[in-house]
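>>> Provided below are the primary sequence and the corresponding predicted coordinates.
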Amino acid sequence: MNFADTYYKKTIIQKLFGPDELLTVFCAGTNMPLVQCSDDTGNDRVFVLEKEELLKDFCLPYAEKKLAVRGIKYPAKEKMKFFATAVSMSIDEIIYVDASGSHILPLSDVIKKKDLSSLPKEKRPVENPALLLSGVYFMQEATRNVPPQEKKGLAELEEELSANIVKGTFIIPAQLDQEKPQGQQPVKVPLLKTPAGDTFQPVFTDNLEFAKYNKEGQFKALAVPFPALEKILAKEAKGFMLNPGGFHIVITREMLKGLAVRFSQ
């Protein structure tokens with residue numbers, strides 16, 4: 001990288017963390033940053049645009065693919081939420097788009113992932129980067145407004161997602177029943193109701209997704225590996241809803257059993 005390239009990269013990074021809003025690109029079907037895999041390198045990318053005037057032209061090729069995308073602005077004080085989300089998915093690159101074109105920034109040049117390897121396993125935060133990323137890719141394709149036969153590689157994407165679900169450890173929100181005496185307080189779990197009237201129990205891939213739901217801090221986070229999920233599923237729930245504030249993937253009671261059998265070793 002020559003001096004001009006180095007200087008320009010530093011200039012972009014200064015813009016990313018400057019006082020102006022951060023204009024990012026989200027997928028409407030996932031409520032998550034739009035993710036694209038580079039055909040050349042296989043690197044996973046998210047996008048930041050310099051100005052809102054660039055958004056219309058950026059969205060055109062996705063509109064042709066029938067994938068709904070939109071601009072999401074982060075105020076200066078909330079920019080780290082976007083970068084933290086990119087880290088949680090193990091994104092490789094940020095593509096910064098300005099009037100002169102697209103510029104590739106390795107995510108590691110923008111934000112450093114904390115090394116938690118020295119922490120005891122039980123004290124490390126719950127993380128599922130492969131699951132989160134495969135869920136985003138699956139839902140981006142699944143929610144394209146095209147006939148099922150035109151959805152590219154959906155079976156393979158579903159296979160990868162399913163395998164990552166079985167490997168995962170999840171966050172279950174819970175609270176103690178304060179009406180019971182201390183020491184005899186059963187754990188209560190929240191439930192969600194869909195517009196169709198179906199009941200699901202929320203479950204999360206990581207603390208960032210959990211925080212979207214637990215805005216008032218009323219729930220504790222319980223780490224639960226996949227094999228134990230069925231045991232803590234509420235009787236009235238049809239299954240779990242994974243990341244209801246994000247890609248909101250439904251895992252029914254029947255799917256839990258099927259996944260366990262399908263990917264058992």
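Perfect, thanks for sending it. Numbers count the residues shown, from 1 in each chain.
>>> pLDDT below threshold where in the chain?
Per-residue confidence for the chain (pLDDT under 70) gives these ranges: 1-6, 176-185, 264-265.
>>> hmm, try it at 80
1-8, 115-123, 176-187, 264-265 (pLDDT under 80).
>>> Where do the helices of it begin and end?
Secondary structure of the chain by DSSP state H: the helices cover 3-16, 55-64, 79-88, 107-110, 129-142, 154-167, 207-213, 226-229, 253-262.
>>> ok, Lys113 - contacts?
Lys113 is in contact with Val87, counting by C-beta atoms under 8 Å, 6 or more residues apart in numbering. C-beta: built from backbone N, CA, C; applies to glycine.
>>> cutoff 10 Å now
With contact set as C-beta atoms under 10 Å, 6 or more residues apart in numbering, Lys113 has these partners: 84, 86-88, 90, 107, 127, 129.
>>> just to revisit the earlier point, the helices of the chain into CSV, with extra columns for distance to Leu242?
Listed next are those as CSV, based on distance: least, C-beta to C-beta, whole Å:
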stretch, distance to Leu242
helix 3-16, 30
helix 55-64, 24
helix 79-88, 14
helix 107-110, 24
helix 129-142, 7
helix 154-167, 8
helix 207-213, 9
helix 226-229, 10
helix 253-262, 11
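>>> What subset of the contacts of Lys113 is buried?
Buried by 16 or more other C-beta atoms under 10 Å: 86-88, 107, 127, 129, out of the contacts of Lys113.
>>> Reformat the residues you listed as TSV; add distance to Glu216.
Shown next, in TSV, are those (distance: C-beta to C-beta, whole Å):
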residue	distance to Glu216
Ala86	26
Val87	25
Ser88	22
Leu107	31
Glu127	24
Pro129	27
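>>> end to end, how far does stretch 224-231 reach?
In terms of C-alpha to C-alpha, to the nearest Å, the two terminal residues of stretch 224-231 are separated by 10 Å.
>>> Show residues contacting it.
For stretch 224-231, contacts defined as C-beta under 10 Å, 6+ apart pick out 126, 131, 164-172, 174, 201, 203, 222, 232, 239-240, 251, 253, 256-257, 259-260, 263-264.
>>> Tell me, how many residues neighbour Lys9?
The burial count assigned to Lys9 is 18, neighbours taken as other C-beta atoms under 10 Å.
>>> How about the contacts made by it?
1, 96, 103-106, 109-110.
>>> cool, Lys193 as well?
Taking C-beta under 10 Å, 6+ apart, we find Lys193 in contact with 199-200.
>>> How many neighbouring residues does Asn31 have?
The burial count for Asn31: 17, using other C-beta under 10 Å.
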